[in-house]
Every structure is written in C-alpha cells, then in structure tokens.
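S.K.: Show me the folded form of this:
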Amino acid sequence: MKKILLYICSATFLVFGFSEVTSAAGTYQVKSGDTLWSIAKKNKVSVNQIKSWNKLKSDKLKPKQVLKLSGTTAKKPAAIKASAKKVSYKTITVSATAYTASCKGCSGITATGINLKKNPKAKVISVDPKVIPLGSKVYVEGYGEAIAADKGSAVRGNKIDVFIPNKSNALKWGRKTVKVKVYR
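M.R.: Alright, predicted model coming up:
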C-alpha cells in the first residue's frame, strides 16, 4: 500500500510539479537593456520568430513586457541547429564610419532599445533599415559580428556606423569601405 501511495504521489508531483516550468519557459519578461536579439540568442530562436509569436510590428521592447517564446521546447533547438547549417547571407559593400554614445546630447539608447552606455562592449551598427533590416545579425569586415540595432539620420543607403565606446578609437576608425555579410 505504501508503494502504491508513493507511486501516486510521485506521478502527481511529476505531472503537476513541473507543469509550471514548461509554461514559464515558454515566456520571457523583458528587463531594462534587453533587445529582441539578446532574448532570441539566449533562447535559441530567431528575432523573426519572437516578433511573429508576439505579433510585434517594431523592435522596441518595454521593461516588464512578457514575450511568448514558443520555440523553447526540446525539439525546437534541434530544428534550429539543423537549419543553421544552411546559413544564407548577402554581402554588401558599404561606407563605414564610427560613432560613440558619449557625445553631447546622445542618449546612448539605440533604435531597438539597447543601452550602449550600460553595455559598452556591445557590437552594434547603425544602418539604413531599407538596406539592412533592424535586428539583423551581421559580420562587418574589420569589426566582427554585430547586430543592426540602430539607425541614424545620416545613415542612408549603403552606409553604416559601427559603435565604438571610446571617442578617440571611434575617430581612429575614420571612414572605410568594408564588406558586410547580412545573415538571413
């Protein structure tokens, strides 16, 4: 009788005790400084999937906003990993300059909500969203992997700004013609 009771209690615990874990893993509460890119990366899903699941029309997030992360089940990362083998990208040649968040009058907050003053090691580029969509993962020659997370009034067409936290290093970057791989 004790064994039967132990099995019933164990089964009940397994069924109901872990049921909230799966639902909690299916959502994410936005914290200050979070971006769609960082949330997608942590949860092994794409920015487009998060936008689709939550019917988001822009990349802006608000602290305490709750996002659905339908792709956190055990089967999804394997599917994503398999599709990651078919990485496709387009390469474009752009004129690249650098910018910093420490200029007079600069808030340091990107168009997608990344706080560059609080995250000085962030690899972010400013783009023309008509050429490189916001939220795109990119590889910039001479800069490395980054996220297209900002847009600027002077950034139009095949032009980008790379974020460099220190003004003297940003000035050293100057103006360069570089190739950018935009991952799809």
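S.K.: For this structure, give me the ranges with low pLDDT.
M.R.: 1-25, 71-85 (pLDDT under 70).
S.K.: What is the subsequent helix or strand relative to the longest strand belonging to it?
M.R.: If you go by DSSP state E, the chain has its longest strand at strand 89-99. Using DSSP states H and E, the helix or strand that follows strand 89-99 in sequence is strand 124-126.
S.K.: Show me where this structure has its strands.
M.R.: 27-29, 66-68, 89-99, 124-126, 137-140, 144-150, 159-163, 176-183.
S.K.: Near residue 145, how many other residues are there?
M.R.: Counted with other Cβ atoms under 10 Å, the neighbours of residue 145 add up to 11. Using the backbone N, CA and C atoms, a C-beta is placed for each residue, glycine as well.
S.K.: nearest residue to it other than its sequence neighbours?
M.R.: residue 139 (5.4 Å; Cβ to Cβ, 6 or more residues apart in numbering).
S.K.: Please tell me how far the most centrally placed residue in the chain sits from residue 172.
M.R.: Nearest to the geometric centre of the chain sits residue 37, at 0.6 Å (Cα atoms, centre = their mean). Using Cβ to Cβ, to the nearest Å, residue 37 is found at 27 Å from residue 172.
S.K.: Verify the stated contact: the residue nearest to residue 145 with residue 180.
M.R.: Yes. Contact status for residue 139 versus residue 180: in contact at 7.0 Å, counting by Cβ atoms under 8 Å.
S.K.: who's more crowded, the two?
M.R.: The residue with more neighbours, out of residue 139 and residue 180, is residue 180; 26 against 15, by other Cβ under 10 Å.
S.K.: For residue 123, see how far away that one is.
M.R.: Applying Cβ to Cβ, the value for residue 180 to residue 123 is 13 Å.
S.K.: Domain map for the protein?
M.R.: 2-84, 89-183 (automatic domain parsing).
S.K.: which of those domains is buried the deepest?
M.R.: Of these, the one with the most neighbours on average (mean count of other Cβ atoms under 10 Å) is domain 89-183, at a mean of 17.
S.K.: tell me the contacts of residue 103?
M.R.: residue 167 (Cβ atoms under 8 Å, 6 or more residues apart in numbering).
S.K.: what do you get for residue 101?
M.R.: Neighbour list for residue 101: 107-108, 116-117, 120, 163, 165 [criterion: Cβ under 8 Å, 6+ apart].
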